[in-house]
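K.L.:
Structure of the sequence below:
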Amino acid sequence: MSVITVPAANVAGTPQTPAAPARLRQVLRRVELWLAFATVVAAASGAPTPVCEALLLGFITWVPGRAVTLHHRSLHGLTMVLATVAASLATSVFVVTCFLWLHLWYPMAIFYAMAAGAMASIAWGALRLEAPPPKPGLATRARAVASSWRSLRLVDLLLLVAIGLYIAGIAGTDVAKVGTWGLVPALPLTYYIGLGIVLASSSWLLCRSYCDEVRLGAHLIALIVMIAATPALVYHDPRFPWLYKHVGVVEYITQHGHLSSGLDIYNNWPGFFALFAWFDQVSAAANPLRYAAWSETFALLVTCLALLVAGRRLSMSKREIWIGLFVFVLASWVDQLYFSPQGLAYVLGMSVLALALTWLKEDGELRWVLALERRITARSWWPGWATRTHTIELDRTPPSVSAVIGVLSIFGVTVFIHQLTPFVVAFQLSVLFVIGRLRPIWVPALAWAMCIGYLIPRLSYVNRTYGLLDSLGQFFSNAQTVAQTQHRPYDLGVRFSAETAHYLTLAVVLLALIGALRRLHARRPIRAVVALALSPILTLFLTNYGGEAEYRVFFFAVPWLALLAGSALVSSGQGSWRAVSVTCGVFALLAALLIPSYFGDDEIYVVPEGEIAAANYFYTHAPDGAALVLAAPDFPSRVNGRYSEYLVLQSEVDPNLFEYPQFSGYRQLGESTMPTLRDFALAFAHGGRNEVYLAFARSEYAAVNAYNLAPPGALAHLQQAVQSSPEWQIFYRNSTTVLYRFTPLGVKSS
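P.N.:
Residues are numbered from 1 along each chain as shown. The predicted model follows:
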């Protein structure tokens with residue numbers, strides 16, 4: 001899809017020598033070929049689904065991108081890995097979405113063509129490219145690393161102990177204890193001890209005189225698994241009721257092989273859904289539920305890789321970057337990296353920024369920036385400001401055309417994956433250009449052109465459905481969250497989770513501010529990272545995003561805030577117990593705030609298996625055109641590909657009673673509500689839905705209690721009244737869900 005390269009002069013000014021011995025690169029090429037070949041064999045021979053899923057995941061995250069990056073010897077190290085992963089994901093999304101748009105939906109043929117092309121490119125590259133010579137001094141550094149491993153055996157032992165305690169903790173987790181405080185009390189003490197050991201040993205590593213990146217990487221991966229992978233390990237199905245509507249769209253594409261732009265917004269931004277519909281058909285997976293719960297872990301890993309590459313281009317030391325990575329993981333409470341278009345677009349967007357900082361970096365400074373600096377220097381109020389401790393040499397070497405095309409190609413794929421992320425990334429690219437850290441100008445210009453060009457044909461639909469134009473420029477109203485518009489307090493557990501998230505946000509912002517001030521005092525570059533951290537605020541001028549715009553601002557800003565926090569925590573007295581104590585204390589504080597904010601709402605986030613079965617039963621057995629009405633929010637509707645046959649006429653989502661004034665207002669429900677409910681159901685029936693169904697489920701009761709939507713017992717009284725009514729018949733029942741069918745007496749069906 002895209003050609004990605006980078007000129008030698010654009011890679012941080014370092015000598016362009018390979019980072020690995022020739023033999024290792026030859027082995028890597030063989031592994032890449034065997035991965036592609038094994039995936040083809042597994043898909044063609046009908047291997048077990050888990051095997052196909054694992055191989056295909058490795059394929060789409062490496063092989064297509066490696067077929068491009070292999071041919072550019074200037075790419076090496078972590079930049080090569082990031083470019084390969086980002087290009088591979090973007091290429092896979094682009095190819096399958098184009099075939100879907102062209103109504104040529106033949107998943108296996110698409111896969112065989114992609115595999116054949118990638119294998120041919122990799123094989124040709126292996127034959128054409130001569131093996132590069134080993135990097136000088138590699139053996140010396142290898143001996144130094146080996147010596148370091150021997151001298152830090154205690155850290156390795158601590159990590160193994162922590163992993164063992166974590167495994168024991170997961171095995172001993174009692175999900176029956178998930179209630180008001182979420183998963184927090186259900187996790188045993190061994191889980192928290194294992195997490196504490198990882199934080200302590202990471203702090204020790206971060207404060208030593210030698211920055212051991214291999215061990216730090218192992219600790220970071222362990223931390224990500226302990227946080228993001230825990231829900232996938234302890235729950236039978238993925239968290240978040242709203243995730244299941246994404247499953248329905250994937251199955252819709254699988255069943256129909258085409259899109260319907262008038263159906264919902266997801267069919268207008270189909271990249272994510274096309275990729276996983278293709279993934280499911282090639283791997284013979286029944287639906288994405290088997291692997292969807294692991295998307296947060298995968299997204300965090302790739303985002304940390306992108307942040308690591310970006311940090312090296314922002315004049316930060318290794319220690320600052322690694323501290324920032326740990327802070328980023330410990331501050332990621334927003335829960336937006338789940339199985340969603342947002343998660344995939346976020347990973348690609350962060351990769352675009354990291355690669356743009358690497359390949360399109362402007363080492364000079366604009367005149368207005370220099371003039372502003374001279375003015376501030378002349379009126380210095382900060383100690384040491386007037387003393388310039390470093391000089392910036394101008395580098396006017398133009399970026400290669402292929403590097404620009406590569407960055408814009410990956411960015412272009414995000415445009416048809418998600419509605420918001422490309423605009424935020426375009427903002428950030430524009431700000432980098434304005435402050436003189438990126439060029440040429442047509443990089444942000446083309447990014448904006450792609451965003452706006454894709455939106456214009458869909459603007460009427462988006463505005464009609466979501467009122468986009470009404471929120472343009474409404475900064476203060478867009479900054480309000482859904483919780484701020486509520487007049488009644490939420491449940492204590494929900495409020496505690498929200499408060500810890502607020503304090504965690506405040507702690508990260510304060511750390512970032514301290515880091516920025518320390519960099520100012522030391523006369524170190526600060527403009528780029530501050531600009532990246534502040535530019536997401538501009539999105540509040542665009543949309544309220546369903547009352548979540550404020551959360552998204554922090555979501556897009558937190559990687560760069562975390563890097564600044566790394567500057568706050570890095571200590572000049574490396575190896576001292578004081579430095580270790582401060583770092584470990586800050587990590588412990590962040591973890592103590594993260595755990596309740598990340599796991600504290602699981603009572604309403606966890607979806608019982610019985611509710612998924614009930615939803616599938618409805619979409620399988622209810623007649624086409626029926627209306628599914630929810631007694632309360634958070635039922636996993638639209639989980640089946642046939643959801644398009646049951647959409648209500650005035651909305652993209654199934655209605656719940658508390659959205660309507662007849663049932664909201666914190667009123668007692670029960671027998672007296674039945675006439676109102678009857679009129680409500682008749683309105684749906686006469687509006688074109690000949691049959692109306694009403695769902696009562698465990699997650700709905702949890703939502704009513706958590707969000708304080710009605711007095712205690714109100715929903716139970718309503719269900720009892722429905723149960724006693726001759727006009728409502730049980731359509732389906734299991735241990736967690738009851739579906740009632742409306743059969744009005746004395747009314748002839750239309």
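
K.L.:
what sits against the residue positioned nearest the centre of the chain?
P.N.:
Centroid check for the chain by C-alpha atoms, centre = their mean gives residue 337 as the closest residue, at 2.3 Å. Neighbour list for residue 337: 228, 295-296, 299-300, 303, 343, 346 [criterion: C-beta atoms under 8 Å, 6 or more residues apart in numbering]. Where you see a C-beta, it was placed from the backbone N, CA and C, and this is true even at glycine.

K.L.:
Show only the entries of those residues found in helices.
P.N.:
Those of the contacts of residue 337 mapping onto helices are 228, 295-296, 299-300, 303, 343, 346, per DSSP state H.

K.L.:
Need those in a markdown table (columns: neighbour count).
P.N.:
Below are the ones in helices among the contacts of residue 337 laid out as a markdown table (neighbours: other C-beta atoms under 10 Å):
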| residue | neighbour count |
| --- | --- |
| 228 | 23 |
| 295 | 22 |
| 296 | 27 |
| 299 | 24 |
| 300 | 24 |
| 303 | 24 |
| 343 | 22 |
| 346 | 27 |
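
K.L.:
What is the nearest of the contacts of residue 337 to residue 75?
P.N.:
residue 303 (20.0 Å; C-beta to C-beta).

K.L.:
Would you confirm that that closest one contacts residue 348?
P.N.:
No. Using C-beta atoms under 8 Å, residue 303 is not in contact with residue 348, being 10.2 Å away.

K.L.:
what residue ranges in the stretch 451-600 of the chain score low on pLDDT?
P.N.:
Within the stretch 451-600 of the chain, the segments meeting pLDDT under 70 span 467-488, 544-547, 572-575.

K.L.:
Same check on the chain?
P.N.:
Within the chain, the stretches with pLDDT under 70 are 1-29, 128-152, 362-399, 467-488, 544-547, 572-575, 647-653, 687-689, 746-750.

K.L.:
switch to 50 and redo it
P.N.:
Applying pLDDT under 50 to the chain flags the ranges 1-21, 131, 133-139, 141, 149, 380-381, 384-396, 484, 650, 749-750.

K.L.:
For residue 661, state which of the contacts of residue 337 is nearest.
P.N.:
residue 343 (35.2 Å).

K.L.:
ok, so what distance separates that closest one from residue 240?
P.N.:
Distance from residue 343 to residue 240, counting by C-beta to C-beta, to the nearest Å: 11 Å.

K.L.:
Also residue 675?
P.N.:
Distance of residue 675 to residue 240, given as C-beta to C-beta: 35 Å.

K.L.:
Who has more neighbours out of those two?
P.N.:
residue 240 (22 against 9; other C-beta atoms under 10 Å).

K.L.:
thought the more buried one was touching residue 338?
P.N.:
Yes. Residue 240 is within contact range of residue 338, at 5.7 Å (criterion: C-beta under 8 Å).

K.L.:
which residues of the stretch 651-750 of the chain fall in helices?
P.N.:
674-686, 698-707, 714-724 (DSSP state H, counting those that start in this stretch).

K.L.:
Pull out the buried residues from the helix ranked longest in the chain.
P.N.:
Longest helix of the chain, by residue count under DSSP H: helix 492-521. By neighbour count on 16 or more other C-beta atoms under 10 Å, the buried set for helix 492-521 is 493-494, 496-498, 500-501, 504-505, 507-509, 511-512, 515-516, 518-519.

K.L.:
who's in contact with residue 556?
P.N.:
346, 424, 428, 536, 539.

K.L.:
Please report the distance of the last one from residue 413.
P.N.:
Okay, so that is residue 539. With distances taken as C-beta to C-beta, residue 539 is found 20 Å from residue 413.

K.L.:
Neighbour count for those two, which is higher?
P.N.:
Neighbour tally, residue 539 and residue 413, criterion other C-beta under 10 Å: the higher count belongs to residue 413, 27 against 20.

K.L.:
So that one is in contact with residue 90, correct?
P.N.:
Yes. In this structure, residue 413 is within contact of residue 90 by C-beta under 8 Å, at 4.2 Å.

K.L.:
Name the residues contacting each of the two.
P.N.:
Joint contacts of residue 413 and residue 90 (C-beta under 8 Å, 6+ apart) are residue 348.

K.L.:
Can you list the neighbours in contact with stretch 46-58?
P.N.:
With C-beta under 8 Å, 6+ apart as the criterion, stretch 46-58 contacts 35, 38-39, 41-43, 279, 282-286, 290-291.

K.L.:
Helices along the stretch 401-550 of the chain, start to end?
P.N.:
Going by DSSP H, counting those that start in this stretch, the stretch 401-550 of the chain shows helices at 401-415, 421-434, 442-455, 459-466, 468-471, 475-478, 492-521, 527-534, 549-569.

K.L.:
Nearest residue to residue 176 in space, ignoring adjacent ones along the chain?
P.N.:
Distances taken as C-beta to C-beta, 6 or more residues apart in numbering place residue 186 nearest to residue 176, at 7.7 Å, with adjacent residues excluded.

K.L.:
Now the one you found: phi and psi?
P.N.:
Main-chain dihedrals, residue 186, degrees, to the nearest 10: phi -80, psi -20.

K.L.:
burial of it, as a residue count?
P.N.:
19.

K.L.:
residues contacting it?
P.N.:
Contacts of residue 186 were listed using C-beta under 8 Å, 6+ apart, and they are 173-178, 234.

K.L.:
Which stretches in the stretch 1-150 of the chain count as helices?
P.N.:
22-45, 49-60, 63-69, 77-101, 107-128, 138-151.
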